[in-house]
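Enquirer: Just the structure for this:
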Amino acid sequence: MLFQSIFLAAATLAPTALSCPQHTNAKRNVHLTTRQQVPPGTNVTQNDWAYEASFNWGKINPDYELCQTGTQQSPIALSLGNGLALNHVPTFKYNGSIAGNFYNWGYGPAFTVAHDEKAAEEDIDWTSHPSFTYDNETVYLKGWHIHAPADHSVGGDRSKAELHLVHVDAEGHEAAVMAIRLDPGNSNSTFFEQLPAMIGYTEMGVEEPTTVDFAPLLESVLYFNEFWTYQGSLTSPPCTEGIRWFVARQILFTGVDQMRAILGASTYSARAEQEVWQHRINE
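Expert: Sure, this is the predicted structure:
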């Protein structure tokens, strides 16, 4: 069955502390670098922090101070008491199937949109990627990855997992994340059925070239017609702020075996929820 046993061996090889994937199409087996855009001179390593100890990231490394002192840290708890967003409504330009690489980022399944592997990061034409627009600002899909359990809780409930669609501006700086919560249901997800089921049995970072149709994913959450939004941060060190978050109200339901495969491939990767401060929820 497609996807049923994805990454199971790879998950057992996951290092104890990896940051979110950078979503670059570099050579094989070198994907497991930090996802975030790290300012020059920042001393971010992959071995001095862990999700299980996210309460004190700011004390581990002085470059992680924002994790401790930031005013718009992610994730946060959400509820219908917050209302739903009427502003920042996204419109999508995800046309057809999208080529990329499917792999395990050390904490679970991930996908990176394909681009010229020979191009330096600063030379990539991000504007050729799938995109969405809000507030007259367009951002471009870099890739997606899964956290388990979900980063965001809604009404006190935390889903089994959460998929993050990471978007960048035209210069490649991370600008927005679209979050979709995942839970098991009664039938398989068409989106997950199209993914390979054979990655990661030999070594971490092995990629499988894959073409993905994002329509089933976006249709499952009604193209974010109902959502929460806020100004937040990256959910791993150095916890950079200024990220626009969109969290779909609808949940994507997978088949039971699909969810077991996701969880079997995953390592704990949920940051502790942060206190709401200057997040301006739905504003």
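
Enquirer: okay, CA-based contacts and neighbour counts for the rest of this
Expert: Noted.

Enquirer: Mind listing what's buried along stretch 152-169?
Expert: For stretch 152-169, the buried set under the neighbour-count rule, 16 or more other C-alpha atoms under 10 Å, comprises 152-154, 158-169.

Enquirer: cool, and stretch 110-119?
Expert: 110-115.

Enquirer: Would you agree Lys93 is in contact with His129?
Expert: No: with contact defined as C-alpha atoms under 8 Å, Lys93 does not reach His129; the gap is 9.2 Å.

Enquirer: partners of the residue most central in space within the chain in the sheet?
Expert: Centroid-nearest residue in the chain: His164, 2.7 Å away (criterion: C-alpha atoms, centre = their mean). Counting by DSSP bridges, His164 is bridged to His145, Ala179.

Enquirer: Kindly report the same for Glu174.
Expert: Beta bridges link Glu174 to Val168, judged by DSSP bridges.

Enquirer: Can you check the pLDDT for it?
Expert: Predicted confidence (pLDDT) at Glu174: the value is 94.

Enquirer: show me where pLDDT drops low in the stretch 51-200 of the chain?
Expert: Along the stretch 51-200 of the chain, segments meeting pLDDT under 70 span 117-118, 198-200.

Enquirer: All the strands of it, residue numbers only.
Expert: Under the criterion DSSP state E, counting those that start in this stretch, the stretch 51-200 of the chain contains strands at 91-93, 97-104, 109-113, 131-134, 137-147, 153-154, 157-158, 161-168, 174-184.

Enquirer: so what strands line up beside the first one?
Expert: In other words, strand 91-93. Next to strand 91-93 in the sheet, as set by DSSP bridges, lie strand 131-134 (antiparallel).

Enquirer: Now do the buried residues in the strand it pairs with.
Expert: Quick answer for strand 131-134 (16+ other C-alpha under 10 Å): 131-132.

Enquirer: residues in contact with it?
Expert: Outside of strand 131-134, the residues within contact range by C-alpha atoms under 8 Å, 6 or more residues apart in numbering are 88-94, 138-141, 167.

Enquirer: closest to Glu275 among the residues you listed?
Expert: For the contacts of strand 131-134, the closest approach to Glu275 (C-alpha to C-alpha) belongs to His88, at 22.6 Å.

Enquirer: Run a quick neighbour tally on that closest one.
Expert: When neighbours are counted by other C-alpha atoms under 10 Å, His88 registers 18.

Enquirer: Quick check, it in contact with Asp135.
Expert: Yes: contact criterion C-alpha under 8 Å: His88 and Asp135 qualify, at 5.6 Å.

Enquirer: Please enumerate the helices of the stretch 151-283 of the chain.
Expert: 190-193, 215-220, 256-265 (DSSP state H, counting those that start in this stretch).

Enquirer: any chance of the ones you listed in TSV, plus distance to Met178?
Expert: Listed next are those as TSV, based on distance: least, C-alpha to C-alpha, whole Å:
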stretch	distance to Met178
helix 190-193	16
helix 215-220	10
helix 256-265	19
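
Enquirer: ok, and which of those helices has the densest surroundings?
Expert: Ranked by mean neighbour count, these are led by helix 256-265 with a mean of 22 (mean count of other C-alpha atoms under 10 Å).

Enquirer: tell me the mean pLDDT for that one?
Expert: In this model, helix 256-265 carries a mean pLDDT of 92.

Enquirer: so what does it touch, helix or strand wise?
Expert: Secondary-structure packing of helix 256-265 (3 or more C-alpha pairs under 8 Å, 6 or more residues apart in numbering; DSSP states H and E): helix 8-12, strand 174-184.

Enquirer: Mind giving me the packing neighbours of the last one?
Expert: This points to strand 174-184. strand 161-168, strand 241-248, strand 252-254, helix 256-265.

Enquirer: okay, it in PDB with CA atoms only?
Expert: C-alpha atoms of strand 174-184 as PDB (Å, rounded to 0.1, in the frame of the first residue of the first chain):
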ATOM      1  CA  GLU A 174      10.800  32.700   4.800                       C
ATOM      2  CA  ALA A 175       7.700  34.800   5.000                       C
ATOM      3  CA  ALA A 176       4.600  32.700   5.600                       C
ATOM      4  CA  VAL A 177       3.600  29.200   6.700                       C
ATOM      5  CA  MET A 178       0.300  27.500   6.000                       C
ATOM      6  CA  ALA A 179      -0.500  24.900   8.600                       C
ATOM      7  CA  ILE A 180      -2.900  22.000   8.100                       C
ATOM      8  CA  ARG A 181      -3.700  19.700  11.000                       C
ATOM      9  CA  LEU A 182      -3.800  16.000  10.300                       C
ATOM     10  CA  ASP A 183      -6.000  13.300  12.100                       C
ATOM     11  CA  PRO A 184      -7.100   9.800  11.200                       C
END
